[in-house]
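**Student:** below are the sequence and a predicted model; questions follow.
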Amino acid sequence: MSNVVIDIAAEFTGKKAFKQADTAAAKLTKSIANVAKGFGIAFSARALAQYSKQAVNAFIADDKAAKVLSRTLNNLGLAFADPAVKTFIADLEKQYGVLDDLLRPAYQKLITTTGDYRKSQELLRTALDLSAQSGFDVVSVTDDIARAYAGNTKGLQKYGLGLSKTQLSAMSFEEVLLRIAKISSGQAALAADTYSGKLDKLNVAVANASETIGGALIDAFGTFAGNGDIDKAIGKIDFFSKLLATIISPKLMEQALSGVDFKFGIIPTLKTPNTNRSASPAGTYARNQAEMKAAAAAKKQQADMLATNKKTLKSQQDALKLAKAKAIFDIQKIQIEAALKGKISEEDRIRLKLMQAIESENISQIEKYTKLLDDAQKNTDKLVSTLAGIQPLDDVFKNWNFMSVKAQLASLQTYFNNFAGSAASAFASLGAAQQASLGGYKPFVGAAIPSSGGASTSMPSTAGLGTSGTGSQLPTGVTINVNTGIGDPNAIAEAIENVLVEANYRGTLRGLIAV
Amino acid sequence: MKQGSLAMPVEVKGVIALRKALNAYAPDLAKELTAEITKSLKVIQKDARGFIPSMAPNNLYNWNDKAQGRQITAKTSMFRTFNTEGRLRMFPLYNAAVIKRGIVYRTGYGKPNSKGFRSLFRVRNLTAAGAIYETAGRKNPNGDPRSKSNNPRAGARFVQQGALYNRKNAGSSGDMRGRAIFRAWDQDEGKQLANIMQAIENTRVKFNKRATVSSVRESA
């Protein structure tokens, strides 16, 4: 394939594979160097002296931790389990490559909490799995598990078990353990099988060798010093180690290590570890009795713990009841209750109920009334929106042409004036024979039209009128009053209409309006 | 940042880290920088494409990818092969459009090479025919008398048709002579490289300014 290319600029980053190889080689070199140091191969006198010091210190620390654990077991009445625990920790150490420096304190936490050495062993295995899965060290994981055993599951939240705080609180310890096992089962074994895990195992072996050699050195030097003063002996270890370096040769070392079974550290095959078991039946009986006693104690401890938890729960419930009782005298609540008894709208009632629920911290009621209030508000909004959409009715009278009462009366007056005038003049223009043919009737002759004033007016005076041409043919004293009332145009119009209709019926207004 | 001479490639330090940081914390600056680099690389690309003749150089008979109407021979046949052993592959014919399309650039950094270097920006002549046109005559500018080819003087013919540009020994990059991308790069005389470096420097300054507390206070 053609590869014609201009690399305009380049940056040296090194190769990943090179880096990995370098790191791996460095690790391997370090491990091999440690092993080499541990087994005294290719030692210089100085290195041996330094190593001897470290080995002695490691042995002292390890011995101390082992004794502390033994004492704890003894205090808990589990002295019989000491060899089993030691074997268990040694096996775990080799199996998973975790130093006993971590395993012992972890186990100690568990045994102190549970009081059951078998249960503690199971829990330690679970803790190792969880530690490998989560990356937290086994001591802190064990601490959290021990707390969870006592009912405090807060520490387990950080391991990402997929459980909420509430779920963790609600679950029993066994359920939590099942969940942990589901998530992390087999992780420790898997981790131990990786390259890193194998290196850890190597380190454990070296550390154990170091401790064993340190112990041997102390024993030997104690004997060598003669007086058994180990503290002084440590101070002289340089001298001793140099001496040792001169006498150790690869050949001698090979011979010395040929009889070693590495299963339990550097222990000669002829020397079996002390199992602290009595060979006599009486010893077995005593051990069984102690075991039964310890199991009973562990059971009692667990029962006590459960009882304490139950007691705590009860006191919490009592506190809640007390709070409820106090609520009876709560002024706020009383006010709400009083308001509820009044005449209120449905929405106000829901509001009050919600306030009441909030006051009494009743979650289900709060949820219920919040929902109801929400619905009520939605309905109100809907109603408002519907009302807003309704258009006002048009004014049905807007096109009506009402004449004012005064104008109507003025019109009437004009009419009568004209009528009277025209009738009188028409009569006057008639000849005498014609006037006589009318039977001597002389309409409106001598009549006077009074000026109208106010809302009430009078018909023309009948003075001078007569039935026989004297101008007195109409009854005297006829007055038409139009009672209009005040303000209501409909009423006014109706009244006027009635007057006019009546006048029309009487024959005096014929032709004035169409009725 | 270390900027070497204009001999290719320039070794710089910290550009990858800078671009990673830009991508993570200032994507706008990362885009801006890529746009600047693209601008410069496009100049080289455009020039290089301009150096590709529309037809195969003279005297290079039957290399053109225009077999229509011509006698079918071993070279013009669709079943022609590059070799008869191992992987079978048609001999690449000259097609200016294809070759031009194959002149590409890349603004992102690549994987480390066998010596642990990662190229930051590159211009490539991808096609096989383009590579032949680019580099033919490098090794035997006067032809190879020992060649068993039908055209043992092909190298000389190429050199006659078009000289190789740029320098033969450009540090660790080896022979940098060519007729398209190398010619464009040579004629540019490092202007685009300077532009790219300047763009990186400008972006670095902007990024640092943005990252300092004082700039936050100024902007606040």
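**Tutor:** Thanks, I have the structure now.

**Student:** so, low pLDDT: which residues of chain B?
**Tutor:** Applying pLDDT under 70 to chain B picks out residues B:1-10, B:59-61, B:66-89, B:169-173, B:213-220.

**Student:** name the residue of it that lies nearest to chain A.
**Tutor:** residue B:131 (3.2 Å; C-beta to the nearest C-beta). Any C-beta I mention is one placed from the backbone N, CA and C, and that applies to glycine too.

**Student:** hang on, that residue in a helix?
**Tutor:** Yes - assigned with DSSP: H, G, I helix; E, B strand; the rest coil, residue B:131 falls within a helix.

**Student:** hmm, it is touching residue B:103, no?
**Tutor:** No - the criterion here is C-beta atoms under 8 Å, and residue B:131 misses it with residue B:103 at 10.7 Å.

**Student:** so for the two, which sits in the more crowded spot?
**Tutor:** residue B:103 (26 against 22; other C-beta atoms under 10 Å in any protein chain shown).

**Student:** for the more buried one, grab phi and psi.
**Tutor:** Dihedral pair for residue B:103: phi -90, psi 110, per degrees, to the nearest 10.

**Student:** what does the one 3 residues further on give?
**Tutor:** Residue B:106 adopts backbone torsions of phi -140, psi 130, taken as degrees, to the nearest 10.

**Student:** how many residues are close by it?
**Tutor:** 18.

**Student:** so residue B:108, which of the three states?
**Tutor:** For residue B:108, the assignment made with three-state DSSP gives coil.

**Student:** doesn't residue A:350 lie inside a strand?
**Tutor:** No - counting by three-state DSSP, residue A:350 is not part of a strand but helix.

**Student:** that one reaches residue A:371, doesn't it?
**Tutor:** No - Residue A:350 lies out of contact with residue A:371 (C-beta under 8 Å); the separation is 9.5 Å.

**Student:** looking at the two, which is more packed in?
**Tutor:** Neighbours were counted for residue A:350 and for residue A:371 using other C-beta under 10 Å; residue A:350 has more, 21 against 12.

**Student:** residue contacts, that one?
**Tutor:** Counting by C-beta atoms under 8 Å, 6 or more residues apart in numbering or on different chains, residue A:350 touches A:369, A:372-373, A:376.

**Student:** highest neighbour count among those?
**Tutor:** residue A:369 (22 neighbours).

**Student:** please name the nearest non-neighbouring residue to it.
**Tutor:** Distances taken as C-beta to C-beta, 6 or more residues apart in numbering or on different chains place residue A:354 nearest to residue A:369, at 3.8 Å, with adjacent residues excluded.

**Student:** again, but for residue B:121
**Tutor:** Using C-beta to C-beta, 6+ apart, the closest residue to residue B:121 is residue A:8 (4.5 Å).

**Student:** local confidence estimate at the one you found?
**Tutor:** Residue A:8 carries a pLDDT score of 78 in this model.

**Student:** so it is in which element?
**Tutor:** strand A:4-12 (DSSP states H and E).

**Student:** now the helix ranked longest in chain B: buried residues?
**Tutor:** Ranked by residue count, the top helix of chain B under DSSP state H comes out as helix B:27-50. Neighbour-count burial for helix B:27-50, counted by 16 or more other C-beta atoms under 10 Å in any protein chain shown, picks out B:29-30, B:32-34, B:36-38, B:40-41, B:43-45, B:47-49.

**Student:** repeat that for stretch A:92-112.
**Tutor:** So, applying 16+ other C-beta under 10 Å, buried residues of stretch A:92-112: A:92-94, A:96-98, A:100-111.

**Student:** domain map for chain A?
**Tutor:** A:35-261, A:328-388, A:405-506 (automatic domain parsing).

**Student:** could you give the mean pLDDT of the shortest one?
**Tutor:** In other words, domain A:328-388. Mean predicted lDDT for domain A:328-388 stands at 82.

**Student:** immediately after the helix or strand harbouring residue A:58, which helix or strand?
**Tutor:** Per DSSP H and E, residue A:58 falls inside helix A:45-75. The helix or strand immediately downstream of helix A:45-75 is helix A:82-96, counting by DSSP H and E.

**Student:** right, and the helix or strand after that following helix?
**Tutor:** With DSSP H and E, the next secondary element past helix A:82-96 is helix A:100-114.

**Student:** just checking, what packs against the helix or strand following that following helix?
**Tutor:** Downstream of helix A:100-114, the first helix or strand assigned by DSSP H and E is helix A:117-134. Applying 3 or more C-beta pairs under 8 Å, 6 or more residues apart in numbering or on different chains; DSSP states H and E, one finds that helix A:117-134 contacts helix A:82-96, helix A:100-114, helix A:138-149, helix A:173-184, helix A:187-192.

**Student:** which one, of those helices, ends up nearest to residue A:362?
**Tutor:** Nearest of the helices and strands packed on helix A:117-134 to residue A:362, taken as C-beta to C-beta: helix A:173-184 at 29.1 Å.

**Student:** can you pull the contacts of the nearest residue in space to residue B:178 that is not next to it in sequence?
**Tutor:** Excluding the flanking residues, the one nearest residue B:178 by C-beta to C-beta, 6+ apart is residue B:134, at 4.3 Å. The neighbours of residue B:134, taking C-beta under 8 Å, 6+ apart as the test, are A:4, B:125, B:178-182.

**Student:** quick one: residue B:134 from residue B:185, how far?
**Tutor:** Distance, residue B:134 to residue B:185, by C-beta to C-beta, to the nearest Å: 11 Å.

**Student:** name the helices or strands packed onto the strand ranked longest in chain B?
**Tutor:** Ranked by residue count, the top strand of chain B under DSSP state E comes out as strand B:117-125. Counting contacts by 3+ C-beta pairs under 8 Å, 6+ apart, strand B:117-125 is packed against strand A:4-12, helix B:15-25, helix B:27-50, strand B:103-106, helix B:181-188.

**Student:** now with 10 Å, please.
**Tutor:** Packed against strand B:117-125 by the contact rule (3 or more C-beta pairs under 10 Å, 6 or more residues apart in numbering or on different chains; DSSP states H and E) you find strand A:4-12, strand B:10-11, helix B:15-25, helix B:27-50, strand B:103-106, helix B:128-135, helix B:181-188, helix B:191-211.

**Student:** mind listing what's buried along the third one?
**Tutor:** Judged by neighbour count using 16+ other C-beta under 10 Å, the buried positions of helix B:15-25 are B:15, B:18-19, B:21-22.

**Student:** filter those residues by proximity to chain A?
**Tutor:** Contacts with chain A within these, as defined by C-beta under 10 Å from any C-beta of the partner chain: residue B:15.

**Student:** so which of the helices and strands packed on helix A:117-134 gets nearest chain B?
**Tutor:** Smallest distance to chain B across those (C-beta to the nearest C-beta): 30.8 Å, for helix A:187-192.

**Student:** mind giving me the packing neighbours of that closest one?
**Tutor:** With contacts taken as 3+ C-beta pairs under 10 Å, 6+ apart, helix A:187-192 sits against helix A:82-96, helix A:117-134, helix A:195-225.

**Student:** avg pLDDT for the first one?
**Tutor:** Yep, that's helix A:82-96 we're talking about. The average pLDDT within helix A:82-96 is 82.

**Student:** residue A:114 against residue A:142, yeah?
**Tutor:** No - applying C-beta atoms under 10 Å as the test, residue A:114 and residue A:142 come out as separate, 11.2 Å apart.

**Student:** just say helix, strand or coil for residue A:344.
**Tutor:** Under three-state DSSP, the three-state class of residue A:344 is coil.

**Student:** ok, residue B:92 next?
**Tutor:** Going by three-state DSSP: residue B:92 is coil.

**Student:** isn't it right up against residue B:130?
**Tutor:** Yes - using C-beta under 10 Å, residue B:92 is in contact with residue B:130, at 8.6 Å.

**Student:** so which bits of the strand or helix carrying residue A:490 are buried?
**Tutor:** Assigned by DSSP H and E, residue A:490 belongs to helix A:489-506. Under the neighbour-count criterion of 16+ other C-beta under 10 Å, helix A:489-506 has A:492-493, A:495-496, A:499-500, A:503-504 buried.
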